[in-house]
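**Q** What would the 3D arrangement of this be:
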Amino acid sequence: MTARIVGAALAGGALYVSFPPHSAWYLAPAGLALFVLVLRGRSVRAGFGYGYLAGLAFFVPLLPWVGVYVGALPWLALAAIEALSIGLFGAMAAALHRLPFSVVWITSAWVLFEGVRSRLPFGGFPWGRLAFGQADGVLLPIAGVAGAPGLSFAVALIGCGLAGLVTALSGRHWTRMSACVALVAVPILSALVLWSDPARENATTSTVAVVQGNVPRLGLDFNSQRRAVLDNHVAKTKELASGIDTGRLPRPELVIWPENASDIDPLRNRDAAASITDAARAVGVPILVGTVLVRDDGTTLNSAIVWGPDSGPGEQHVKRKLVPFGEYLPLPNVMNALSSYAAQAGKFVPGDGNGVVTLNGIPVAVATCYEVAFDDLVRDSVRGGAQIITVPTNNATFGRTDMTYQQLAMSRVRAVEHGRPVVVAATSGVSAIIESDGAVLQQSGIFTDDVLVGDVGLRSDITVATRIGPAAEIVISALALGALLVRVVFRVGRSTY
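**A** Residues are numbered from 1 along each chain as shown. A predicted model of the protein is given here:
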């Protein structure tokens, strides 16, 4: 029992280290293989217990940025809730291991519970999906065919296949061993084929600029000097304009400011509007401005507004997926009674639409910060005609933690998944320009001011993953549920892997 406890903890730790900033992507299948071996021959109840332990070993070190300025309780509570999904996976895997071809069913169960965790509770929390730790891995091209769920399936299939291979070798089951070798090889060979033959249409080159103005201070009170944050972004944009005028920098078609670049509502404050207009006129092209808009009822909108040099404010995207307990408070009566921290939650209202705005004639997807973690939001924008994905984000509230690097990895996976360049604009870093193959062309430092300018290829073709949408996830999840139904109803199977 002690060995299994240690094994479960090590498995969770290996999953954590596979994510940025460590990015040891190869440890994800290794950790999952160890975890599945721990579960072999265990009861459903024991499977849940070992799974929950592995989940804690994974999520506790993955998510400390949640509580960096509000204390350990929110961080540990979220980690404890998210670990439930891995506990449930452990219980299901313990049941499924007695079925023939159990490697496939157990792999499917992992994707099933990633999907559940990405939707429940309070809209879900997709952080920690296996796919998001593979931005530097050899399997990344699979995202362009099967999406993030398919990439997670590929990683999990290698892990479960390796566990099956160890079991088959120990029992000298040569046929089963050959099957497991084939299962491990399929995703690896598929990814290599996709790397060598991208089969993409030629792209039109466009120059983009990312303005990172930085903030006066770290922490939750980063916007206590809201004017300073706005002025920082105006000043850096004017520096960009100076570089253009002297010929040192090319004139961009697209200029992207981050989320919260102007927490002073420019539709209500003439000074803020004038400053943004001055910046747009200096650079000579419209700017996508991240701002907070105040409504008459006291609620707010997290908005990204297209701001033209002459026309001023135009199209806008209002953030559709809000952060529970941060931007809004779920179950307010209950939560206020449970914690005094609950009153600190914002009063933001979600937007709607497909997340596409037109910036200087180019259809642009806007996935504001948290939104980039959700499959359907980015997919809707690309299906809506977006040729480039922007991720305006404000990571100042999370200090010098791993959060910004984890979010950058998600953006790289989205680039490959949808075949679109991604521009990450962060108030305090890390900002980045990412090509459609997931390569980072330029990247800023953290808590510095900077301007990134680079060329990316704008595409209008649609990847297989964008076209099929959630189909891969649905099929994979159905496999897991079907296998569980067979196991429970018909009590089929004996211990195999």
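**Q** what's residue 63 in contact with, if anything?
**A** 75, 78-79, 82, 127-128 (Cβ atoms under 8 Å, 6 or more residues apart in numbering). (Glycine included, C-beta is placed from N, CA and C.)
**Q** Just the element for the closest residue to it other than its chain neighbours, please.
**A** Spatial nearest neighbour of residue 63, excluding adjacent residues (Cβ to Cβ, 6 or more residues apart in numbering): residue 79 at 5.3 Å. With elements taken from DSSP states H and E, the one containing residue 79 is helix 72-96.
**Q** Just the buried residues of that helix, please?
**A** Buried residues in helix 72-96, counted by 16 or more other Cβ atoms under 10 Å: 74-76, 78-79, 82-96.
**Q** all strands for the stretch 151-300 of the chain, in order.
**A** Taking DSSP state E, counting those that start in this stretch as the test, the strands found in the stretch 151-300 of the chain are 204-212, 254-256, 287-294, 300-308.
**Q** Out of the contacts of residue 63, which comes closest to residue 284?
**A** residue 127 (38.8 Å; Cβ to Cβ).
**Q** Report the secondary structure state of the closest one.
**A** Three-state call for residue 127 (DSSP: H, G, I helix; E, B strand; the rest coil): coil.
**Q** can you pull out the helices in the stretch 201-350 of the chain?
**A** 226-245, 270-283, 332-338 (DSSP state H, counting those that start in this stretch).
**Q** how about those in CSV, adding distance to residue 426 and mean pLDDT?
**A** As requested, these are exported to CSV (distance: least, Cβ to Cβ, whole Å; pLDDT from 0 to 100):
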stretch, distance to residue 426, mean pLDDT
helix 226-245, 12, 94
helix 270-283, 18, 96
helix 332-338, 29, 67
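**Q** okay if I get those helices as a markdown table plus distance to residue 389 and mean neighbour count?
**A** As requested, these are arranged in a markdown table below (distance: least, Cβ to Cβ, whole Å; neighbours: other Cβ atoms under 10 Å):
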| stretch | distance to residue 389 | mean neighbour count |
| --- | --- | --- |
| helix 226-245 | 21 | 20 |
| helix 270-283 | 21 | 18 |
| helix 332-338 | 33 | 12 |
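**Q** between those helices, which gets nearest to residue 297?
**A** Taking the helices of the stretch 201-350 of the chain one by one with Cβ to Cβ, helix 332-338 is closest: 15.5 Å.
**Q** could you point out which element follows that closest one?
**A** In N-to-C order, the element after helix 332-338 by DSSP H and E is strand 356-359.
**Q** Now do that following strand, average pLDDT.
**A** Average pLDDT, strand 356-359: 97.
**Q** The very next helix or strand once past that strand pairs with which strands, parallel or anti?
**A** Counting by DSSP H and E, the next helix or strand C-terminal to strand 356-359 is strand 362-366. Partners of strand 362-366 in the sheet, by DSSP bridges, are strand 356-359 (antiparallel), strand 388-393 (parallel).
**Q** Deepest in the core, which of those strands is it.
**A** Greatest average neighbour count among the strands paired with strand 362-366 goes to strand 388-393 (a mean of 28), per mean count of other Cβ atoms under 10 Å.
**Q** State the mean pLDDT of that one.
**A** Strand 388-393 comes out at a mean pLDDT of 97.
**Q** Please apply the same query to stretch 154-172.
**A** On average, stretch 154-172 scores 92.
**Q** who's in contact with residue 61?
**A** By Cβ under 8 Å, 6+ apart, the neighbours of residue 61 are 13, 16.
**Q** Repeat the analysis, applying 7 Å as the threshold.
**A** By Cβ atoms under 7 Å, 6 or more residues apart in numbering, the contact set of residue 61 is residue 16.
**Q** where in the stretch 251-400 of the chain is pLDDT low?
**A** Along the stretch 251-400 of the chain, segments meeting pLDDT under 70 span 333-344.
**Q** Can you dump the C-alpha atoms of the host helix or strand of residue 9 in PDB for me?
**A** Here residue 9 sits within helix 2-17, counting by DSSP H and E. Extracted in PDB, the C-alpha atoms of helix 2-17 (Å, rounded to 0.1, in the frame of the first residue of the first chain):
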ATOM      1  CA  THR A   2       2.800   2.400   0.800                       C
ATOM      2  CA  ALA A   3       4.400   1.800  -2.600                       C
ATOM      3  CA  ARG A   4       1.100   2.600  -4.300                       C
ATOM      4  CA  ILE A   5       0.600   5.800  -2.300                       C
ATOM      5  CA  VAL A   6       4.100   7.000  -3.200                       C
ATOM      6  CA  GLY A   7       3.500   6.000  -6.800                       C
ATOM      7  CA  ALA A   8       0.300   8.000  -7.000                       C
ATOM      8  CA  ALA A   9       2.000  11.100  -5.500                       C
ATOM      9  CA  LEU A  10       4.900  10.700  -7.900                       C
ATOM     10  CA  ALA A  11       2.500  10.300 -10.900                       C
ATOM     11  CA  GLY A  12       0.700  13.500 -10.000                       C
ATOM     12  CA  GLY A  13       4.100  15.300  -9.500                       C
ATOM     13  CA  ALA A  14       5.200  14.100 -13.000                       C
ATOM     14  CA  LEU A  15       2.100  15.500 -14.600                       C
ATOM     15  CA  TYR A  16       2.800  18.900 -12.900                       C
ATOM     16  CA  VAL A  17       6.400  19.000 -14.100                       C
END
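**Q** Figure out how far the following helix or strand past it is from the centre of its chain.
**A** Sequence-wise, the next helix or strand downstream of helix 2-17 (DSSP H and E) is helix 27-39. In terms of Cα atoms, centre = their mean, to the nearest Å, the centre of helix 27-39 is set 23 Å apart from its chain centre.
**Q** domain ranges for this protein?
**A** 2-198+469-490, 204-460 (automatic domain parsing).
**Q** ok, residue 276 touching residue 306?
**A** No - checked against Cβ atoms under 7 Å, the pair residue 276 and residue 306 is beyond contact range at 11.2 Å.
**Q** Show me the contact partners of whatever helix or strand comes next after the helix holding residue 79.
**A** Toward the C-terminal end, the helix or strand that comes next after helix 72-96 (DSSP H and E) is helix 102-117. Helix 102-117 has contacts (Cβ under 7 Å, 6+ apart) with 36, 82, 85, 88-89, 92-93, 96-97, 99, 124-125, 129, 149, 152-153, 156-157, 160-161, 164, 180, 183, 473, 476-477, 479-481, 483, 496-497.
**Q** Quick one, which of the residues you listed are buried?
**A** Among those, the ones that count as buried (16+ other Cβ under 10 Å) are 36, 82, 85, 88-89, 92-93, 96-97, 99, 124-125, 129, 149, 152-153, 156-157, 160-161, 164, 180, 183, 473, 476-477, 479-480, 483, 496-497.
**Q** If I look at the closest residue to residue 406 other than its chain neighbours, what pLDDT would I see?
**A** Take residue 406 and drop its neighbours on the chain: the residue closest to it by Cβ to Cβ, 6+ apart is residue 20, 5.3 Å away. The confidence metric pLDDT takes the value 95 at residue 20.
**Q** any idea how far residue 403 is from residue 20?
**A** Distance of residue 20 to residue 403, given as Cβ to Cβ, to the nearest Å: 10 Å.
**Q** Go ahead and confirm residue 137 touches residue 23.
**A** No - in terms of Cβ under 7 Å, residue 137 does not count as a neighbour of residue 23; the distance is 8.6 Å.
**Q** So the two - more neighbours on which side?
**A** More neighbours surround residue 137 than the other of residue 137 and residue 23, with 23 against 17 (other Cβ atoms under 10 Å).
**Q** returning to what we had before: and the gap between the residue nearest to residue 63 and residue 409?
**A** 19 Å.
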